[in-house]
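S.K.: Provide a 3D model corresponding to the input given below.
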Amino acid sequence: MSRYSYDPLAIEDDDRRSRGSSLPPASSSATRLIPRKPPPRVSSRSPSPLLDATPTPLGPRLRVTRSPSPSTGSSRPPSTDFDVDFVPMSPQPSSRNAHARTDSSASLLPPPPRYSGDISPAFSHASLPLPPSDYSDRSRSHSPPSDYSDGEEEDGDMRFEAPRPLPAPLPRPRSLLQADPPTPHATSSPFSFTSSALPPATNYSDSPYALPPRLPSPDKDYLDVPFRPRYPRAGSVVSEGVARPSHRRGGPAGLGSMGGSSEHSSIDFSAGSRPGSAPPEKFDAFAYSLHLGPEDDDALHDPRVKFSGVYTRFAGVSVFTARGVLNLGCLVLLVAILAVLFLVYPLHLYFTAAKPGQALVGSSTTSGVNASGQVPSIGNFGLVDLHTPKSAYSLPSYHDPSQTLQLVFSDEFEEEGRSFYPGDDPYWEAVDLHYWQTGNLEWYDPSMISTRGGALEINLTKVADPTTNHGLNYKGGMMSTWNKFCFTGGLILADVMLPGANNVFGLWPALWTMGNLGRAGYGASLDGMWPYSYDACDIGAAPNQSYAFTAMASSKTGPPGATLPDGTPLSFLPGQRLSRCVCRGETHPGPFHKDGSYVGRSAPEIDVFEAQIGEDASGVNVGQVSQSAQWAPFNAEYHWLNTSDNLIIPSLDVSHFNNYVGGIYQQPTSVVSTTNQACYQLADGCFALQGFEYAPGFNKAYITWINNNAVAWTLNAGGVGGDTASGISARPITNEPLYILVNLGISPAFGFIDFEHLVFPATMRIDWIRVYQRRDAINVGCDPRDMPTQAYINTYIDAYTNPNYTTWTDDFGQRMPKNSLAGDC
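M.R.: Numbering: from 1, shown residues only. Next up, the predicted model:
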């Protein structure tokens, strides 16, 4: 802390010289600095009547009081004592502390010197009148200088050093949109101030601070708000001959500023120096100089580019830089990615939907989704199982070995303990129902199907308490890929171990396929659909295959083949529900023929096998499989055209024509073949290959069945051609998308049951199931474009999910579509 006293006459004399006052000059002794003994020191940190430090955010601010005059009769005004606490801080180049207030009513700086050079006409020539000699003590108080020494000095003289020259004050600009272009070569800025009685500030022509470039023109109006002038002030204090540089716009915050030289001292009488007269300077947006050039620390903003009022983005700026190229490249890449995602990819899916297999098969990384859109959630699952050996990815056709078939679907059942409850598997789903259509004695339960030891297991067991099994004595299993995986044309193969013994009657194991428009076990979905395979609008699509239920009932009877020799009806079927005769506008899955009629749709059945027990030539019981297809409408007396051209059996020692020719609900084309007798549950437990290969259509269409990895027999399309006796047209080898079913049940409708010798639980095991197709005819999916099914299924979804709806009309409550054969169109 330092304490100083000085004679205020020195300031008056200094004012006279600097301002040309008419006051009488003081004596030389009055103008020199007079040392004097300091009174007893009072710390500003303790209460004092002389000095009170007022706390501020940046440090204590001084409160100055006049010291008592030693002689009340003296003509000299009392001297003023200062007690200063110094707060060490760095110089503040900013102007925000330039007008730090004290508790006095006026600034403590000396008045500014009168400019001796040419004065701009924009400034007033009126000199600032000095206060009278008897002005109040309060007005004679001074703020401490801004650059006091940090050390303490008890005695010493004090003198003032002239302030550093500062630039002229900046005008308050109006909006940049209204400002005129700057005058870049202007040497002075004589700005006019209105409504001010203050003298002009010094225009420092020798200021080292050049004016900022491109300032607004001084002869324009700038803002429509009152203007408060700013005066530069600066100063420094030299104690005992030690000079310290002054700050540009005053001392540190809270200490004010004091000019000591009579030549260059200045006083700020602006409103900002009087408490309460204007907002604090920290809220003054115009207290800072306007920098109009580019900033070193902000490369993104250069006001010169748009200062003219017309926004010229590329004026003086080049985008052909590394950064510009990178930015543009990223934008182009982003647009390209979005275009591919939302334009190219949907178009790709649209145009490749007809052949989904091309994107799903052919490599070990093959994967896909099923027809219902379900994504495989089990590890290593796709259309082709990753456990399938590479050697099985292709094989020669059984029907034509010159053709190579490609693997399109496989399930190796290698994952232990798989569940086939609804929703647990992406392709297979076990049913929970009673298969009443064929009079089965078991309840199909999903718990009876699982995987163990690398194979699928379907069990059939006898329950101890029928009340726990829906009142039935047996519990079996059936599962399918309905509406999940389907294929049209190709080869299906399975490696199978048959259940039970090879010589005991009663079990009914089966592996078979059906058209996706009918769901096995759900009677309403099958009513009028199974086992039709027909695309003609004639008597074959009518109920009972008879004119009695057509518009021609009054004029026609028969046809002759519509009844059996004993007079009973040939067919009890309700007629083809989705026939070619359906009227336009009725509910039908489509598609259309060229003549505008619908394509006949149905749910045909082709069996891989149904295992049974038969007798060989010597009368010994042996295991056999019936390999057949079910048809409607029927030939007269169920005799299909089984000529040598249409029925081909390579080995009569293994296979023979099935004596069962059909009934009122179906007509089969069937051959029975002897199986590998070792591949039974109660024999060696080996696996034997079973399957069929087919090509849909009429002319060159066929179905070839495989038993024990060899061709068992072939049905050519001519075998199910037209029949004049029954009045029906040719039936095509179906081109409906087929799904796969596998089941193990027991029913007296299938054959004799030897309850005494049957062993429970009976288990059928399947090592794997695979589907192959020709490379140029890959067609997988349950909703192909040329034979859609999904929309129709969704329309009548209850018929496909509620097994209690047994018929389409009576239970499900739907009418048969109107058709032209009945005269409805």
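S.K.: from here on, contacts and neighbour counts on C-alpha atoms
M.R.: Will do.
S.K.: contacting residues around whichever strand or helix holds residue 770?
M.R.: Residue 770 is part of strand 762-774 when elements are defined by DSSP states H and E. Residues outside strand 762-774 that contact it (C-alpha atoms under 8 Å, 6 or more residues apart in numbering) are 394, 403-413, 454-461, 489-500, 509, 681, 687, 744, 779.
S.K.: change it to 6 Å
M.R.: Residues from elsewhere that reach strand 762-774 (C-alpha atoms under 6 Å, 6 or more residues apart in numbering): 405-412, 455-460, 490-500.
S.K.: that strand: what's the following helix or strand?
M.R.: Remark: after strand 762-774, the chain's next helix or strand is helix 790-795, criterion DSSP H and E.
S.K.: report all helices and strands that the helix or strand just after that following helix contacts.
M.R.: Sequence-wise, the next helix or strand downstream of helix 790-795 (DSSP H and E) is helix 797-801. Helices and strands touching helix 797-801, by 3 or more C-alpha pairs under 6 Å, 6 or more residues apart in numbering; DSSP states H and E, are helix 523-526.
S.K.: can I get the helix it packs on in PDB? Just the C-alpha atoms.
M.R.: Below are the C-alpha coordinates for helix 523-526, written out as PDB (Å, rounded to 0.1, in the frame of the first residue of the first chain):
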ATOM      1  CA  GLY A 523     -61.000 -78.100 -43.100                       C
ATOM      2  CA  ALA A 524     -62.500 -74.700 -44.200                       C
ATOM      3  CA  SER A 525     -59.300 -73.900 -46.200                       C
ATOM      4  CA  LEU A 526     -59.500 -77.300 -48.000                       C
END
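S.K.: I'd like the average pLDDT over that helix.
M.R.: Averaging pLDDT along helix 523-526 yields 98.
S.K.: over to stretch 738-758?
M.R.: The average pLDDT for stretch 738-758 rounds to 97.
S.K.: output that stretch as CSV, restricted to C-alpha atoms.
M.R.: These are the backbone C-alpha positions of stretch 738-758, laid out as CSV (Å, rounded to 0.1, in the frame of the first residue of the first chain):
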residue,chain,number,x,y,z
LEU,A,738,-46.1,-76.7,-52.7
TYR,A,739,-45.2,-76.8,-49.0
ILE,A,740,-43.8,-79.8,-47.1
LEU,A,741,-45.5,-81.9,-44.5
VAL,A,742,-44.2,-84.7,-42.2
ASN,A,743,-46.4,-86.6,-39.7
LEU,A,744,-46.7,-89.8,-37.8
GLY,A,745,-50.3,-90.9,-36.9
ILE,A,746,-52.5,-93.9,-36.6
SER,A,747,-55.9,-94.5,-38.3
PRO,A,748,-58.1,-97.4,-39.3
ALA,A,749,-59.0,-95.5,-42.4
PHE,A,750,-55.4,-96.2,-43.7
GLY,A,751,-55.4,-99.9,-42.9
PHE,A,752,-55.5,-102.6,-40.4
ILE,A,753,-54.1,-101.8,-36.9
ASP,A,754,-52.3,-104.5,-35.0
PHE,A,755,-52.7,-103.1,-31.5
GLU,A,756,-51.3,-106.2,-29.9
HIS,A,757,-47.9,-106.1,-31.6
LEU,A,758,-47.4,-102.3,-31.9
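S.K.: quick one, helices of this structure?
M.R.: 9-19, 28-31, 322-339, 345-352, 523-526, 790-795, 797-801 (DSSP state H).
S.K.: for the ones you listed, give me TSV that also has mean neighbour count.
M.R.: TSV is the format used below for these (neighbours: other C-alpha atoms under 10 Å):
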stretch	mean neighbour count
helix 9-19	20
helix 28-31	13
helix 322-339	12
helix 345-352	11
helix 523-526	26
helix 790-795	14
helix 797-801	18
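S.K.: mean pLDDT lowest for which of the ones you listed?
M.R.: Taking the mean pLDDT of the helices of the chain, helix 28-31 comes last: a mean of 42.
S.K.: in strands only, show me the contacts of strand 762-774.
M.R.: Here DSSP state E is the test, and the contacts of strand 762-774 give 405-411, 455-460, 490-497 as lying in strands.
S.K.: rewinding a little: the strand holding residue 770 vs strand 404-411, what angle?
M.R.: In terms of direction (axes from the mean of the first three to the mean of the last three C-alpha atoms, to 10 degrees), strand 762-774 departs from strand 404-411 by 140 degrees.
S.K.: what ranges do the strands span in the stretch 451-600 of the chain?
M.R.: Using DSSP state E, counting those that start in this stretch, the strands assigned to the stretch 451-600 of the chain run over residues 455-462, 474-480, 490-497, 507-515.
S.K.: same check, this time on the stretch 651-800 of the chain
M.R.: Along the stretch 651-800 of the chain, the segments classed as strands by DSSP E, counting those that start in this stretch run 655-657, 667-674, 688-695, 702-707, 710-716, 738-746, 762-774.
S.K.: right, so of those, which gets closest to residue 446?
M.R.: strand 738-746 (11.0 Å; C-alpha to C-alpha).
S.K.: what packs against that closest one?
M.R.: Against strand 738-746 (3+ C-alpha pairs under 6 Å, 6+ apart) you get strand 474-480, strand 507-515.
S.K.: ok, which of those comes nearest residue 529?
M.R.: strand 507-515 (9.1 Å).
S.K.: strand 762-774 and that closest one, what's the angle between them?
M.R.: If you take the same axes, to 10 degrees, strand 507-515 sits at 30 degrees to strand 762-774.
S.K.: strand partners of strand 507-515, parallel vs antiparallel please.
M.R.: Here strand 507-515 is paired, per DSSP bridges, with strand 605-615 (antiparallel), strand 738-746 (antiparallel).
S.K.: give me the pLDDT value at residue 441.
M.R.: For residue 441, the model assigns a pLDDT of 97.
S.K.: swap in residue 595?
M.R.: Value listed for residue 595 in the pLDDT field: 93.
S.K.: that one - how many residues pack around it?
M.R.: 6 (other C-alpha atoms under 10 Å).
S.K.: then residue 740?
M.R.: Count around residue 740 with other C-alpha under 10 Å applied: 26.
S.K.: and it, how far is that from residue 657?
M.R.: As judged by C-alpha to C-alpha, to the nearest Å, residue 740 and residue 657 stand 25 Å apart.
S.K.: same check on residue 757?
M.R.: On the measure of C-alpha to C-alpha, residue 757 and residue 657 end up 28 Å apart.
S.K.: in terms of neighbours, single out the busier of those two.
M.R.: For residue 757 versus residue 657, the count of surrounding residues by other C-alpha under 10 Å is larger for residue 657: 17 against 13.
S.K.: who's in contact with that one?
M.R.: With C-alpha under 6 Å, 6+ apart, residue 657 has these contacts: residue 671.
S.K.: could you number the chain from 40 rather than 1 from now on?
M.R.: Shifting the count to begin at 40 puts that one at residue 696.
S.K.: beta partners of it?
M.R.: residue 710.
S.K.: for it, give me the pLDDT.
M.R.: 95.
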